[in-house]
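Enquirer: Sequence plus the predicted model coming up.
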Amino acid sequence: MTYEQRPRPTSVEIGASLLAAVGLVGTGRVAYGVILNLQQDDWDAGARGIFLVLNAIVLIFALFTLVLAHQTRRGRLWAWIVALILLPFAFLFGALMTLITAVGGAFPLAGAALIACSLAALLALTVPRSARAYFLTKPAPSMPPYPTPGQTWEQSRM
């Protein structure tokens, strides 16, 4: 039985979907920030370049989070481990965004969404026993589609 053939717990589906939401919120925040930055006329070229480079780094992490969500949904152990490492940093980044936006006098929509999604994804991927067991147990070995040397087809299917 391969990873794709095992029954996937609902908590893993929810956790992977929330992990994808973290990636989408990060990507949307970068797109919004870049559009807003390009509309500003009072920034000099150096500050605008640094802002765009920093947003490119955030965009790379957000897109990687989307790939990670897909691989987590497929049951890959490495993706689950990396997601468990990445989600607390996404939570802290969301808290920092929330703080900066709230001090500026606006409502911290992206930061609050990042906090909620990353915390919920972390809980969905770690708290339920079925989610942990899904990633930590190895799938049963499947039978080879061909006979091993010295066996006939009938002997290899037994």
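Expert: Structure received.
Enquirer: switch to C-alpha atoms for all contacts and neighbour counts from now on
Expert: OK.
Enquirer: Check the burial of Gly104 by counting its neighbours.
Expert: For Gly104, the count of nearby residues is 10 (other CA atoms under 10 Å).
Enquirer: got the phi/psi numbers for it?
Expert: For Gly104, the backbone dihedrals are phi -70, psi -10 (criterion: degrees, to the nearest 10).
Enquirer: swap in Arg74?
Expert: phi -80, psi -10.
Enquirer: can you check Gly75 too?
Expert: phi 90, psi 20.
Enquirer: And the pLDDT at it?
Expert: Looking at Gly75, its pLDDT reads 91.
Enquirer: Export stretch 12-32 to PDB, keeping only CA atoms.
Expert: Extracted C-alpha coordinates of stretch 12-32, given in PDB (Å, rounded to 0.1, in the frame of the first residue of the first chain):
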ATOM      1  CA  VAL A  12      -4.800  15.900   7.800                       C
ATOM      2  CA  GLU A  13      -7.200  17.300   5.000                       C
ATOM      3  CA  ILE A  14      -8.100  20.200   7.200                       C
ATOM      4  CA  GLY A  15      -4.500  20.900   8.200                       C
ATOM      5  CA  ALA A  16      -3.200  20.700   4.700                       C
ATOM      6  CA  SER A  17      -6.000  23.100   3.500                       C
ATOM      7  CA  LEU A  18      -5.100  25.500   6.300                       C
ATOM      8  CA  LEU A  19      -1.500  25.300   5.400                       C
ATOM      9  CA  ALA A  20      -2.400  26.200   1.800                       C
ATOM     10  CA  ALA A  21      -4.400  29.100   3.200                       C
ATOM     11  CA  VAL A  22      -1.300  30.300   4.900                       C
ATOM     12  CA  GLY A  23       0.500  30.300   1.600                       C
ATOM     13  CA  LEU A  24      -2.400  32.100  -0.100                       C
ATOM     14  CA  VAL A  25      -2.600  34.800   2.500                       C
ATOM     15  CA  GLY A  26       1.200  35.300   2.300                       C
ATOM     16  CA  THR A  27       1.000  35.500  -1.500                       C
ATOM     17  CA  GLY A  28      -1.900  37.900  -1.400                       C
ATOM     18  CA  ARG A  29      -0.200  40.100   1.100                       C
ATOM     19  CA  VAL A  30       2.900  40.300  -1.100                       C
ATOM     20  CA  ALA A  31       0.800  41.200  -4.100                       C
ATOM     21  CA  TYR A  32      -1.100  43.800  -2.200                       C
END
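Enquirer: Alright, calling it a day.
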